[in-house]
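Participant: Got a sequence here, can you model it:
(chains A and B)
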Amino acid sequence: MRIVTWNINSLRLRLPLLAEVIRHLAPDVICLQETKVPDPLFPEKALAELGYPYFVRKGMKGYNGVAILSRYPLVASEDTPDWCEKGDCRHVAATIATDSGPVEIHDFYVPAGGDIPDPEANPKYAHKLAFVDEVTAWFANHHKTRSVIVGDLNIAPLEHDVWSHKQLLDVVSHTPPETTRLNAWLETGFVDAMRHFVPPGEKLYTWWSYRNRDWSASNRGRRLDHVWITPDLKPSLTGMTVVREARDWASPSDHVPVVVDLAV
DNA sequence: ATGGTGGAAAGTCCA
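Facilitator: Next comes the predicted model:
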């Protein structure tokens, strides 16, 4: 099973780029974030024509929005909470049958958290911390097997998940309150599938800001997008690719797709 | 220290 996760930053605007992703990578499952499309306007027909007639999506006007697209039938998970009671379309989950049994996939878009790393001064940062706390408590109480968590988690947890650990310790996405929380979430029962392939001492990024003249030359990236799996899936983990070249496509997203292969 | 760019949508808000 090939899974792609991508913060597409507008599904409707970047449908042609999604078609390229599909043509080059032929994923079985595509998890999208920041679809920015209300459910009634979801481009269901175009996605079916691209080979993905099965989906679960949660979208709203203007912001946020997540979707899981699949070549194969899926069953939407209905037991996921409304995090922080905001109804803001940041999580969908579904189960997909494979030859070796069902796999559950969670697709998350964690709040970015604004600019000021102080929960008293910045309600967006407070929301981000509370969101991760809630999700962590939920996963701690829902023991999972054969599960995958993917998405834009908006936190770069390791020193080499950012271009400068020291310079970013005060920058939302890499502050200790965030990285500590992300690690606690991971430790509810998951393994970092990307770092299984790329050692923690090596730089690894999935996002480069739009606000940069030459993203590639400055290379001030961060690893905000993640793939986690339950340990029972670890023997099935056969590959992982960060599609860095996608950042140079015409009208790119600021995030690039991440591919993971599971022999299930 | 500031501002840099991009998407949605028609104000600004969000990233």
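
Participant: Give the buried residues for the top helix by length along chain A.
Facilitator: Counting residues, the longest helix found in chain A (DSSP state H) is helix A:123-141. Buried residues in helix A:123-141, counted by 16 or more other Cβ atoms under 10 Å: A:125-132, A:135-136, A:139. Any C-beta I mention is one placed from the backbone N, CA and C, and that applies to glycine too.

Participant: mean confidence for the following helix or strand past that helix?
Facilitator: Sequence order places strand A:147-152 as the next helix or strand after helix A:123-141, per DSSP states H and E. Here strand A:147-152 scores 98 as its mean pLDDT.

Participant: what angle separates strand A:147-152 from helix A:123-141?
Facilitator: 170 degrees (axes from the mean of the first three to the mean of the last three Cα atoms, to 10 degrees).

Participant: Could you list the paired strands of strand A:147-152 along with their orientation?
Facilitator: strand A:101-109 (parallel), strand A:225-229 (antiparallel) (DSSP bridges).

Participant: residues contacting the residue lying closest to residue A:118 once chain neighbours are set aside?
Facilitator: For residue A:118, ignoring the flanking residues on the chain, the nearest one in space by Cβ to Cβ, 6 or more residues apart in numbering is residue A:125 at 6.5 Å. By Cβ atoms under 8 Å, 6 or more residues apart in numbering, the contact list for residue A:125 reads A:113-114, A:116-119, A:172.

Participant: what's the spacing between residue A:125 and DNA strand B?
Facilitator: Computed as Cβ to the nearest atom of the strand, to the nearest Å, the residue A:125 to DNA strand B distance reads 10 Å.

Participant: just residue A:148 next, same as before
Facilitator: To DNA strand B, residue A:148 is 22 Å away according to Cβ to the nearest atom of the strand.

Participant: for residue A:51, same thing?
Facilitator: Residue A:51 is 22 Å from DNA strand B, where distance means Cβ to the nearest atom of the strand.

Participant: Tabulate the buried residues of helix A:123-141 in a markdown table, adding columns for pLDDT and distance to residue A:12.
Facilitator: Listed next are those as a markdown table, based on pLDDT from 0 to 100; distance: Cβ to Cβ, whole Å:
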| residue | pLDDT | distance to residue A:12 |
| --- | --- | --- |
| A:125 | 97 | 30 |
| A:126 | 97 | 31 |
| A:127 | 97 | 26 |
| A:128 | 98 | 26 |
| A:129 | 98 | 31 |
| A:130 | 98 | 30 |
| A:131 | 98 | 26 |
| A:132 | 98 | 29 |
| A:135 | 98 | 28 |
| A:136 | 98 | 33 |
| A:139 | 98 | 32 |
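
Participant: Up against DNA strand B, what does chain A have?
Facilitator: Chain A has residues A:9-10, A:12-13, A:36, A:38, A:61-63, A:111-112, A:114, A:124, A:154, A:209-211, A:251 near DNA strand B, with proximity defined as Cβ under 7 Å from any atom of the strand.

Participant: most tightly surrounded among the strands paired with strand A:147-152?
Facilitator: Of all these, strand A:225-229 carries the top mean neighbour count, a mean of 25, counting by mean count of other Cβ atoms under 10 Å.

Participant: Which residues does it contact?
Facilitator: Residues from elsewhere that reach strand A:225-229, judged by Cβ under 8 Å, 6+ apart: A:3, A:5-7, A:147-153, A:186, A:190-194, A:206-207, A:237, A:240, A:255-256, A:258, A:260, A:262.
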